[in-house]
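*Asks:* Got a sequence here, can you build the structure:
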Amino acid sequence: MELRIGVVQGSRDVEIELADDVDREKLLSQLDKLMSQGDGVFWVSDRRGKRVGVAVPRIAWIEMGAGTGDRRVGFGTS
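*Replies:* Next up is the predicted model:
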């Protein structure tokens with residue numbers, strides 16, 4: 001699963017490829033709780049175990065979607 005986070009006054013968004021077994025609803029409820037508090041750091045681990053933290057007040061938007069495994073690049077005919 002892919003997670004993209006837009007950062008306030010940031011020139012790029014943060015893209016994290018999550019493990020396939022991540023509980024989407026648990027992750028969203030954790031984020032909702034932090035957003036309602038208005039402060040803190042949203043920590044998440046990518047599929048290789050690297051931890052990424054984003055300061056909650058700096059989050060502009062969040063997008064969750066399917067993993068990048070289905071993306072195709074190039075001029076293939078399949």
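
*Asks:* Residue 52 is in contact with residue 41, correct?
*Replies:* No - Residue 41 is beyond contact range of residue 52, at 9.9 Å (criterion: CB atoms under 8 Å). The C-beta positions use only the backbone N, C-alpha and C, and glycine is treated the same way.

*Asks:* Have a look at those two and say which one is more surrounded.
*Replies:* Set residue 41 next to residue 52 and count neighbours by other CB atoms under 10 Å: residue 52 wins out with 15 against 12.

*Asks:* How about the backbone phi and psi for the more buried one?
*Replies:* According to degrees, to the nearest 10, the main-chain angles of residue 52 amount to phi -130, psi 130.

*Asks:* Spatially nearest residue to residue 30 (excluding sequence neighbours)?
*Replies:* Nearest residue to residue 30, sequence neighbours excluded (CB to CB, 6 or more residues apart in numbering): residue 42, at 7.7 Å.

*Asks:* No further queries at this time; thank you.
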